[in-house]
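Trainee: can you look at this prediction? I've put the sequence above it.
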Amino acid sequence: MKFISEKQASSILKVALATGADFAEIYLEDTTTNTTHLISNAIDNVSTNVKHGASIRILKDSQEVFGYVNTWDVKELKALAKNLRSGIKGDTKYEALPFKEQGERNIVNPVKLPHKVKNSYKASLVKSVNKLARKYSKKVSQVIVSLYDVESNVCIINSKGTFIKDLRCNVRLGLNVVAGTGHNMQTASDSIGGTCGYEVFDNYDLKEFATETSKSAVTMVDADEMVGGKMTVVVNNGFGGVLLHEACVHSLEATSVAKNASVFCGKLNQKIASDIVTAIDDGSRCNQWGSLNYDDEGTPTQKNVLIENGVLKTYLVDFRNSRVMNHPITGSSRRQDFTYSPTSRMTNTFFAPGKDKFEDIIKNTKYGLFAKKMGGGSVNPATGEFNFAVNEGYMIEDGKITKPVRGATLVGSGAEILKNIDMISDNLEFGHGMCGSLSGSIPTDVGQPTIRVQNITVGGRGKKQC
């Protein structure tokens, strides 16, 4: 795709820096999003959305002005830069550095690009998953399947010499199953996704994917209500990593730390977790849902070891907040699209595998809850306090997984959770989600091996038997 030239970019940056700013950035984007949606055995919506535009961001120290236009026209971009620069006043005049040659990165390397995939294939894919999900049980009352793909061309240019062109591609299939009738309706959901093309489905067993999702919903129909209390909780692998994402790593993002609004402020190189805990955010994992070749400021993504053997090693930091915190940039700057200013965000966040076996974790648990599938939740980054739903749960009794329970919630704080993890399995898996924050909604992977946490408060509406 043809973006503006280096000469044109330099002329825009010159306008942006004219009143004393020490940094200026241009972000160009052309994105096409396709959605195929199925409900009640029929495709009810097929849509295409196109975003085309550019933003300009100007900084002086940590002061920022930001704006965008729905065009790449150079005159319009210069006018935007001139308007924005009026918010910056300084005596020193800075000049943009010469653009540097950037090495090619293939962290994200899509093969079957969405625009080359026929709508007939997309329709057959969602219909097939719908059929497979319904086939599991007559108790399945509703199935919703959504197929989403994004093909995005971006160009990131700034006064530090960055001029990067990047092709980004995301494909995700979501499945939601409703089981039961009348007053007792239970749901289960799952997804398949990657920062890649339609080759993401080449290695997936769609029958197993659909069947397991339906099985989860049907099982919960006849489950007992959870009886609350403080207990040991075993959180399953994969999307169970949402616990780390929400309860801990949001509090490690510079969006909170730079404002001194995080429970982990001032704790670098201090012990904040159990000795067996190592937590990582890695945007450089090949074609993974939260991966990028470059972050949204043009910094190459990298593996950031956040916590190592219980010790806090780094925060997730973007360019602007690095100035506030005097902390190295970590390749963690992200935004939903050109209409948002970037800030520090997660990519693929996970607990590193441990040495325990899943079977041993269960066997060594006298009594507790097995949270097989986690749902949504909320967290206060300033305190680390969280509340999570357990979508599919089972009791553990005398070292065995026994009856299913529904309606369980996990309540606590991230700081407590990290210290109370006493077993970690070796079965690392990931789940795909969308994370919302100051710079919009972005794809993030959450992952973990199975973990055991002591003394979590579990909520539930069930009544104790006398």
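Mentor: That came through fine. Residues are numbered from 1 along each chain as shown.
Trainee: can you list the residue ranges for helices in the stretch 301-450 of the chain?
Mentor: For the stretch 301-450 of the chain, the helices defined by DSSP state H, counting those that start in this stretch cover 319-325, 358-363, 414-420.
Trainee: typed the wrong thing, it's the stretch 101-250 of the chain
Mentor: Going by DSSP H, counting those that start in this stretch, the stretch 101-250 of the chain shows helices at 119-135, 206-221, 242-247.
Trainee: export the ones you listed to a markdown table and append columns for mean neighbour count and mean pLDDT.
Mentor: Glycine gets a C-beta too; all of them are placed from N, C-alpha and C. Compiled in a markdown table, the helices of the stretch 101-250 of the chain are given as follows (neighbours: other CB atoms under 10 Å; pLDDT from 0 to 100):
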| stretch | mean neighbour count | mean pLDDT |
| --- | --- | --- |
| helix 119-135 | 17 | 98 |
| helix 206-221 | 20 | 97 |
| helix 242-247 | 26 | 90 |
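Trainee: relative to Asp398, which of those helices is closest?
Mentor: helix 206-221 (21.1 Å; CB to CB).
Trainee: CA atoms only: put that closest one into CSV for me.
Mentor: The C-alpha trace of helix 206-221 is given here as CSV (Å, rounded to 0.1, in the frame of the first residue of the first chain):
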residue,chain,number,x,y,z
LEU,A,206,-13.7,-27.7,15.0
LYS,A,207,-15.8,-30.7,16.2
GLU,A,208,-13.9,-30.9,19.5
PHE,A,209,-14.1,-27.1,19.8
ALA,A,210,-17.9,-27.0,19.3
THR,A,211,-18.6,-30.2,21.3
GLU,A,212,-16.6,-29.0,24.4
THR,A,213,-18.4,-25.6,24.4
SER,A,214,-21.8,-27.2,24.3
LYS,A,215,-20.9,-29.8,26.9
SER,A,216,-19.9,-27.0,29.3
ALA,A,217,-23.3,-25.2,28.9
VAL,A,218,-25.3,-28.5,29.3
THR,A,219,-23.3,-29.6,32.3
MET,A,220,-24.0,-26.3,34.1
VAL,A,221,-27.8,-26.8,33.6
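Trainee: now do it: which elements does it pack against?
Mentor: helix 119-135, strand 140-158, strand 163-181, strand 184-194, strand 385-397, strand 400-406 (3 or more CB pairs under 8 Å, 6 or more residues apart in numbering; DSSP states H and E).
Trainee: looking at the ones you listed, spot the one closest to Val311.
Mentor: strand 385-397 (22.1 Å).
Trainee: out of the helices of the stretch 301-450 of the chain, flag the one nearest Thr213.
Mentor: Across the helices of the stretch 301-450 of the chain (criterion: CB to CB), the nearest stretch is helix 358-363, sitting at 20.6 Å.
Trainee: now the closest one: buried residues?
Mentor: Phe358, Ile361, Ile362 (16 or more other CB atoms under 10 Å).
Trainee: just stretch 226-240 next, same as before
Mentor: So stretch 226-240, judged by 16+ other CB under 10 Å, has buried residues 226-228, 231-240.
Trainee: so which of the buried residues of helix 358-363 comes closest to Ile307?
Mentor: Using CB to CB, Ile361 comes nearest to Ile307 of those, at 20.3 Å.
Trainee: I'd assumed Met423 was in contact with the closest one.
Mentor: Yes. Between Ile361 and Met423 there is a contact under CB atoms under 8 Å: 4.9 Å.
Trainee: show me the shaky parts of the chain.
Mentor: 465-466 (pLDDT under 70).
Trainee: in which helix or strand does Val15 reside?
Mentor: According to DSSP states H and E, Val15 maps onto helix 6-16.
Trainee: what about Glu86, how many neighbours?
Mentor: Check again: residue 86 is Ser, not Glu. Using other CB atoms under 10 Å, Ser86 has 10 other residues around it.
Trainee: contacting residues for the residue nearest to it when sequence neighbours are not counted?
Mentor: Distances taken as CB to CB, 6 or more residues apart in numbering put Thr19 closest to Ser86, at 7.0 Å, once the chain neighbours are dropped. Contact analysis of Thr19 by CB atoms under 8 Å, 6 or more residues apart in numbering lists Arg85, Ser86, Ile88, Lys89, Gly90.
Trainee: mind listing the strands for the stretch 251-400 of the chain?
Mentor: For the stretch 251-400 of the chain, the strands defined by DSSP state E, counting those that start in this stretch occupy 279-282, 303-308, 311-312, 333-334, 343-344, 348-351, 367-380, 385-397, 400-406.
Trainee: take those and lay them out in a markdown table including mean neighbour count.
Mentor: Shown next, in a markdown table, are these (neighbours: other CB atoms under 10 Å):
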| stretch | mean neighbour count |
| --- | --- |
| strand 279-282 | 23 |
| strand 303-308 | 20 |
| strand 311-312 | 18 |
| strand 333-334 | 28 |
| strand 343-344 | 28 |
| strand 348-351 | 28 |
| strand 367-380 | 19 |
| strand 385-397 | 21 |
| strand 400-406 | 16 |
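Trainee: need these in a markdown table with distance to Val46, can you?
Mentor: As requested, the strands of the stretch 251-400 of the chain are exported to a markdown table (distance: least, CB to CB, whole Å):
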| stretch | distance to Val46 |
| --- | --- |
| strand 279-282 | 35 |
| strand 303-308 | 38 |
| strand 311-312 | 47 |
| strand 333-334 | 28 |
| strand 343-344 | 34 |
| strand 348-351 | 30 |
| strand 367-380 | 27 |
| strand 385-397 | 29 |
| strand 400-406 | 35 |
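Trainee: Ser413: which of the ones you listed is closest?
Mentor: Comparing the strands of the stretch 251-400 of the chain by CB to CB, strand 385-397 comes nearest, at 5.0 Å.
Trainee: thought Asn387 was touching Glu376, still the case?
Mentor: Not Glu; residue 376 is Gly. No. Using CB under 8 Å, Gly376 is not in contact with Asn387, being 9.7 Å away.
Trainee: circling back to that earlier point, so for Gly440, which of the helices and strands packed on helix 206-221 sits nearest?
Mentor: strand 140-158 (13.3 Å).
Trainee: direction included, what does the closest one pair up with?
Mentor: Strand 140-158 has its sheet partners listed here by DSSP bridges as strand 23-39 (antiparallel), strand 163-181 (antiparallel).
Trainee: now do that strand and helix 119-135, the angle between them.
Mentor: Angle, strand 140-158 to helix 119-135, by axes from the mean of the first three to the mean of the last three CA atoms, to 10 degrees: 140 degrees.
Trainee: buried residues in stretch 86-104?
Mentor: In stretch 86-104, counting by 16+ other CB under 10 Å, buried: Ile88, Tyr94, Ala96, Phe99, Gln102.
Trainee: export the helices of the stretch 301-450 of the chain as a markdown table, with columns for distance to His432.
Mentor: Output for the helices of the stretch 301-450 of the chain, formatted as a markdown table (distance: least, CB to CB, whole Å):
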| stretch | distance to His432 |
| --- | --- |
| helix 319-325 | 26 |
| helix 358-363 | 22 |
| helix 414-420 | 22 |
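Trainee: so which of those is nearest His250?
Mentor: Using CB to CB, the nearest of the helices of the stretch 301-450 of the chain to His250 is helix 414-420, at 8.4 Å.
Trainee: who touches both of Ile361 and Met423?
Mentor: Contacts common to Ile361 and Met423, judged by CB under 8 Å, 6+ apart, are Arg452.
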